[in-house]
Structures are given as C-alpha cells and as structure tokens.
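Participant: Here is a sequence together with a model predicted from it:
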Amino acid sequence: MYITENGYSDLGTLNDTDRIEYHREYLKQMLLAMHVDGVDVRGYYVWSLLDNFEWDRGYRERFGIVFVDFNDPKRPRILKESAKWWKKIIADRKLD
C-alpha cells in the first residue's frame, strides 16, 4: 500500500503545529497497522512539499510544508516548522 497525497491545510502560518500533529498521529497509526496488523505499507507521500494552487480553493489552501509567498513575483520559499520536523524524522528514522 502507498499512502499518497496525505496532508493538512492551514492558513499559511510558518509555525504549523497542527500539521505536525496531524502527520505524527497518522504515522503512529500507520506504524501500528504495519507492526500489529501486518499491513504492507511501502510508501507515504506528504501533500504537499510546497504551497500550491488547489483547483477548487485557489491559493487559499496551504497544504505545503514549505511556504510560498505568492504575492512576491520571485515566489520565495520558507521552510515551515513541519518541514523541519520531517527533516528530523527522516534523519532520526523515528517519531518524536
């Protein structure tokens, strides 16, 4: 099984603790399913790396773990706290 496009939308804050909690709890349940129930999970894909355009909501929905300033023509990117959290999870290979 592959978990694809799993994400959490917020209002675009850099301190996105609700998104971190969402992914943390999802991953805990996924690991339980794998280790207790034997579910064969082969991949988990966060939606989304960058804030983007959602067809039904435009730029209002912010699913990215990286903030994009759509008001700036250069579209600068800033890591949200969730991106830093994911970096730590990947480096440590464990949930905090």
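Facilitator: Received, thanks. Residues are numbered from 1 along each chain as shown.
Participant: C-alpha only now, for contacts and for neighbours.
Facilitator: Fine.
Participant: In PDB, list the C-alpha atoms belonging to stretch 35-47.
Facilitator: C-alpha atoms of stretch 35-47 as PDB (Å, rounded to 0.1, in the frame of the first residue of the first chain):
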ATOM      1  CA  HIS A  35       3.500  -3.900  13.000                       C
ATOM      2  CA  VAL A  36       0.400  -5.200  14.700                       C
ATOM      3  CA  ASP A  37      -1.900  -6.000  11.700                       C
ATOM      4  CA  GLY A  38       0.800  -6.800   9.200                       C
ATOM      5  CA  VAL A  39      -0.300  -4.100   6.600                       C
ATOM      6  CA  ASP A  40       2.300  -3.900   3.900                       C
ATOM      7  CA  VAL A  41       2.900  -0.100   3.600                       C
ATOM      8  CA  ARG A  42       5.600   0.700   1.100                       C
ATOM      9  CA  GLY A  43       5.400   4.500   0.900                       C
ATOM     10  CA  TYR A  44       4.000   7.600   2.500                       C
ATOM     11  CA  TYR A  45       3.800  10.800   0.400                       C
ATOM     12  CA  VAL A  46       3.100  14.100   2.100                       C
ATOM     13  CA  TRP A  47       0.800  16.500   0.400                       C
END
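Participant: can you pull the buried residues of it?
Facilitator: 46-47 (16 or more other C-alpha atoms under 10 Å).
Participant: what does it rub up against?
Facilitator: Stretch 35-47 has contacts (C-alpha atoms under 8 Å, 6 or more residues apart in numbering) with 1-8, 30, 33-34, 63-64.
Participant: if we go to 7 Å?
Facilitator: Contacts to stretch 35-47, defined as C-alpha atoms under 7 Å, 6 or more residues apart in numbering, come from residues 1-7, 33-34, 63-64.
Participant: Now render those residues as JSON lines, adding neighbour count, secondary structure and distance to Pro73.
Facilitator: Below are these laid out as JSON lines (neighbours: other C-alpha atoms under 10 Å; DSSP: H, G, I helix; E, B strand; the rest coil; distance: C-alpha to C-alpha, whole Å):
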{"residue": "Met1", "neighbour count": "9", "secondary structure": "coil", "distance to Pro73": "39"}
{"residue": "Tyr2", "neighbour count": "10", "secondary structure": "strand", "distance to Pro73": "36"}
{"residue": "Ile3", "neighbour count": "12", "secondary structure": "strand", "distance to Pro73": "33"}
{"residue": "Thr4", "neighbour count": "12", "secondary structure": "strand", "distance to Pro73": "30"}
{"residue": "Glu5", "neighbour count": "12", "secondary structure": "strand", "distance to Pro73": "27"}
{"residue": "Asn6", "neighbour count": "14", "secondary structure": "strand", "distance to Pro73": "29"}
{"residue": "Gly7", "neighbour count": "19", "secondary structure": "coil", "distance to Pro73": "26"}
{"residue": "Ala33", "neighbour count": "14", "secondary structure": "helix", "distance to Pro73": "44"}
{"residue": "Met34", "neighbour count": "14", "secondary structure": "helix", "distance to Pro73": "44"}
{"residue": "Phe63", "neighbour count": "26", "secondary structure": "coil", "distance to Pro73": "20"}
{"residue": "Gly64", "neighbour count": "24", "secondary structure": "coil", "distance to Pro73": "19"}
